[in-house]
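[1] starting from these lines, generate the structure:
(chains A and B)
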Amino acid sequence: MSRSVLVVEDDLDLVGLMEMVLTDAGYEVRTAGDGRRALERVTEGMPGLVLLDMRMPVMNGWEFAREFRSRYGRACPIVVVTAAENAQLRAAEIEAEGWLAKPFELDDVLRLVARFLPERGAAPPA
Amino acid sequence: MERTGAAAADSGSAQGISPPAAVRSRWGRGLPWTPPRAVIAYAAVGLCWFVVAGRALSLVRDAALRDELWTAQGVAFVLLSAALLLELVRRARRGLLGLGTEVRAAVESMLDGVLVVDGGEVVEANRAAVELLGAGGKDELLGDLELFVARFQPRTTEGSPLPASELPIARALRGERVTQELAVRRGDGQEVVLSVAAAPVVGQGARGLVVIVFRDVSAAHRLESMRDEFLATAAHELKTPLAVVKAYAQLVQRRAPAEAPALAVVERQVDRMTRLVQHLLDASRLRLDPGAGPTERFDLAGLAAEVVEGVRRAATRHDLQLRAPAPALVQGDRERVARVLRSLLDNAVRFSPRGGPVVTSVELGGGEVVVSVADQGLGIPEDRQARIFERYYRAHAGTADDYGGLGLSLDTSREIVSRHGGRIWFESTPGRGSTFRFSLPAAQGAGA
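    The predicted structure follows:
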């Protein structure tokens, strides 16, 4: 599986941070500021993981997830990263594979990404 | 003066509850002459008439005259009984018509819409029903039920279509009594939300009859969605900047380890701000939303382990211990129960400024699960203990031990626990610490 992460998030500061941290950790990072741009990124190449904010302009997380699933099924896992009150519930709504509540710990982000995109040769996630 | 006023009000209400003079139900008393009684009375009078007339005529000696008189009394009886019957029918008809007119006028004047369905047909609709459904007239509503449903397209309030068998009308036809909110497209194309109550009509000759009463709750519904939208936006807008600041503080900490102590302060303050925002959001949501949240069955011991672990990261000077020997299943809103436990742990840590043990225990017994959080911190001054569950009340406000907070977390916790059918209480000794406990009913079939 590709070691690329697609970060879908409308807050540019947060996007910049994710890019730095994940690139430092050896991942290939692509970014999109809303759901529609994210779908365009996906057509350029299927990522190994999507980190998805829910409330975004143009096309929000719910709409993106619906469209993504209808086009590609479960071709890649989606992890919801949200400031909503109940992140787990939001994740369940779109049948996401994982969730992370904002504000988060950087270690948690790295752990979560590593769970879905293990290093080559390492054991797949349990 | 006030006492006098109150006493007068009391005596007034005492008079108010004395039984009123008996008033017979107007629609329940039936007709003045019911048919069986009228027939029996008619037969009895007729019998007496013939016996008395027969006896009287036997005294007449002239046979020709007797025959004539006999015929005359027969004609008189027929005429009299015809008049009597006519009067009876007239009265009964007037009574029935009066009752029908009154019931019809009352139903027509109702502010709620009323529909009556007989089997597969809408057979009656009142004026309010016509108005609420935006129809041109009553005739547009009467007729085939399937056409009626196709026309108004009832859906769930989220907008998803309802199978015909799940509509209140269908369920009432199966004998259920249903109350449900439905989105409907009115005759004029406007979308409204109706609160619909449907029930089978019970009574003689009412087989297959269903009565549906409904009212427009669109305004209340709109307000509810605006409230949800507002709280969701507030959560997002307030927490996103905090998330950004926290994440950058951690990033800088990684890249410039020498600045770790300063950045740890930034992080700690962001966490504090996050907690305050969360308390405000929780309190607002609870105040605005009288209903229960989503419920699920979950293990309170497992949840306690998660929450304790989360607090442990921030409370480095405290020794956080967990005593939860066995799973303890409860039913409820897991996220909200987690908030209660997190609030109690936050308080225990905050009001133990010198550190020390904070022990969380989860025990199952007597049909309930009791969670306790014990600290060896400041304790609560005795004269302030009675008020600590009041909203905005802060037991340490204005003292040297004022460690901040909004005074919302215990009020919110109590509200959450009571909505789950549980209790919350505490013991505290100033200078020696506090133990807060809350109980929740154990989930059915959990086993002790």
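
[2] poorly predicted segments of the chain, please.
    Since you didn't name a chain, this refers to chain A. For chain A, applying pLDDT under 70 flags the ranges A:1-2, A:120-126.

[3] let's do chain B instead
    Checking chain B against pLDDT under 70 turns up B:1-22, B:28-35, B:288-294, B:402-404, B:406, B:445-448.

[4] ok, which residues in it are in contact with chain A?
    B:231-233, B:235-236, B:238-240, B:242-248, B:250-251, B:254, B:270-271, B:274, B:281, B:285, B:294, B:313, B:335 (C-beta under 8 Å from any C-beta of the partner chain). For every residue, glycine as well, the C-beta is placed using N, CA and C.

[5] now the phi/psi pair for B:Thr118, please.
    Not Thr; residue B:118 is Asp. The phi/psi pair for B:Asp118 (degrees, to the nearest 10) reads phi -120, psi 110.

[6] for B:Asp375, same thing?
    phi -120, psi 170.

[7] so which residues of the stretch 101-250 of chain B form strands?
    Listed in chain order, the strands of the stretch 101-250 of chain B (DSSP state E, counting those that start in this stretch) span B:113-118, B:121-125, B:143-144, B:178-185, B:191-200, B:209-216.

[8] dump the ones you listed to JSON lines, plus mean neighbour count.
    Formatted as JSON lines, the strands of the stretch 101-250 of chain B follow (neighbours: other C-beta atoms under 10 Å in any protein chain shown):
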{"stretch": "strand B:113-118", "mean neighbour count": "20"}
{"stretch": "strand B:121-125", "mean neighbour count": "19"}
{"stretch": "strand B:143-144", "mean neighbour count": "12"}
{"stretch": "strand B:178-185", "mean neighbour count": "17"}
{"stretch": "strand B:191-200", "mean neighbour count": "19"}
{"stretch": "strand B:209-216", "mean neighbour count": "20"}
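
[9] now restrict the residues of chain B next to chain A to buried residues only.
    Buried members of the residues of chain B next to chain A, scored by 16 or more other C-beta atoms under 10 Å in any protein chain shown, are B:231-232, B:235-236, B:238-240, B:242-248, B:250-251, B:270-271, B:274, B:281, B:285, B:335.

[10] make a markdown table out of the strands of the stretch 101-250 of chain B and add distance to B:Leu300.
    As requested, the strands of the stretch 101-250 of chain B are exported to a markdown table (distance: least, C-beta to C-beta, whole Å):
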| stretch | distance to B:Leu300 |
| --- | --- |
| strand B:113-118 | 46 |
| strand B:121-125 | 51 |
| strand B:143-144 | 54 |
| strand B:178-185 | 33 |
| strand B:191-200 | 36 |
| strand B:209-216 | 41 |
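
[11] the residues of chain B next to chain A in helices, which ones?
    B:231-233, B:235-236, B:238-240, B:242-248, B:250-251, B:254, B:270-271, B:274, B:281, B:285, B:313, B:335 (DSSP state H).

[12] who's in contact with the most centrally placed residue in chain A?
    Central residue of chain A (C-alpha atoms, centre = their mean): A:Leu51, 1.1 Å from the mean position. Residues in contact with A:Leu51 (C-beta atoms under 8 Å, 6 or more residues apart in numbering or on different chains) are A:Val5, A:Leu6, A:Val7, A:Val8, A:Glu9, A:Met18, A:Val79, A:Val81, A:Leu100, A:Val109, A:Val113.

[13] backbone phi and psi for it, please?
    According to degrees, to the nearest 10, A:Leu51 has phi -100, psi 120.

[14] one step back: of all the contacts of A:Leu51, which comes closest to B:Ala258?
    B:Ala258 lies nearest to A:Val109 out of the contacts of A:Leu51, by C-beta to C-beta, at 23.5 Å.

[15] number of nearby residues for that closest one?
    The number of residues packed around A:Val109, counting by other C-beta atoms under 10 Å in any protein chain shown, is 22.

[16] where does B:Asp401 land in three-state SS?
    Here B:Asp401 is recorded as coil under DSSP: H, G, I helix; E, B strand; the rest coil.

[17] next, count neighbours for it.
    15.

[18] and the spatially closest residue to it that is not a sequence neighbour, what does it touch?
    Nearest residue to B:Asp401, sequence neighbours excluded (C-beta to C-beta, 6 or more residues apart in numbering or on different chains): B:Leu378, at 5.2 Å. Listed by C-beta under 8 Å, 6+ apart, the contact partners of B:Leu378 are B:Phe351, B:Ser352, B:Pro353, B:His396, B:Asp401, B:Pro430, B:Gly431, B:Gly433.

[19] distance of B:Leu378 from B:Pro353?
    7 Å (C-beta to C-beta, to the nearest Å).

[20] tell me if the residue nearest to B:Asp401 really is in a helix.
    No. Secondary structure of B:Leu378 (three-state DSSP): coil, not part of a helix.

[21] hey, what's in contact with both of B:Leu378 and B:Pro353?
    By C-beta under 8 Å, 6+ apart, the residues touching both B:Leu378 and B:Pro353 are B:Asp401.

[22] and the helices in chain A, which stretches?
    So, for chain A - with DSSP H - the helices run A:12-24, A:35-44, A:61-72, A:87-93, A:106-116.

[23] can you redo the ones you listed as JSON lines with distance to chain B?
    Output for the helices of chain A, formatted as JSON lines (distance: least, C-beta to the nearest C-beta, whole Å):
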{"stretch": "helix A:12-24", "distance to chain B": "5"}
{"stretch": "helix A:35-44", "distance to chain B": "16"}
{"stretch": "helix A:61-72", "distance to chain B": "11"}
{"stretch": "helix A:87-93", "distance to chain B": "7"}
{"stretch": "helix A:106-116", "distance to chain B": "4"}
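
[24] can you add distance to B:Arg437 and give those back as a markdown table?
    Below are the helices of chain A laid out as a markdown table (distance: least, C-beta to C-beta, whole Å):
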| stretch | distance to B:Arg437 |
| --- | --- |
| helix A:12-24 | 40 |
| helix A:35-44 | 46 |
| helix A:61-72 | 39 |
| helix A:87-93 | 27 |
| helix A:106-116 | 31 |
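
[25] for B:Glu166, the count of nearby residues, please.
    B:Glu166 has 13 nearby residues by other C-beta under 10 Å.

[26] same question for the one 10 residues further on.
    When neighbours are defined as other C-beta under 10 Å, B:Glu176 has 12 of them.

[27] that one: what's it in contact with?
    B:Pro200.

[28] tell me the spacing between the residue nearest to B:Asp401 and chain A.
    29 Å (C-beta to the nearest C-beta, to the nearest Å).

[29] ok, now B:Gly405?
    With C-beta to the nearest C-beta as the criterion, B:Gly405 and chain A are 19 Å apart.

[30] next one: B:Arg432
    34 Å.

[31] the residue lying closest to that residue once chain neighbours are set aside: neighbouring residues, count only.
    Excluding the flanking residues, the one nearest B:Arg432 by C-beta to C-beta, 6+ apart is B:Gly379, at 5.6 Å. Residues lying near B:Gly379 (other C-beta under 10 Å) number 20.

[32] and if you look at the one 3 residues further on?
    Burial of B:Glu382 is recorded as 10 neighbouring residues (other C-beta under 10 Å).

[33] doesn't B:Pro430 make contact with it?
    Yes. Applying C-beta atoms under 8 Å as the test, B:Glu382 and B:Pro430 come out as touching, 6.4 Å apart.

[34] that concludes my questions; thank you for your assistance.
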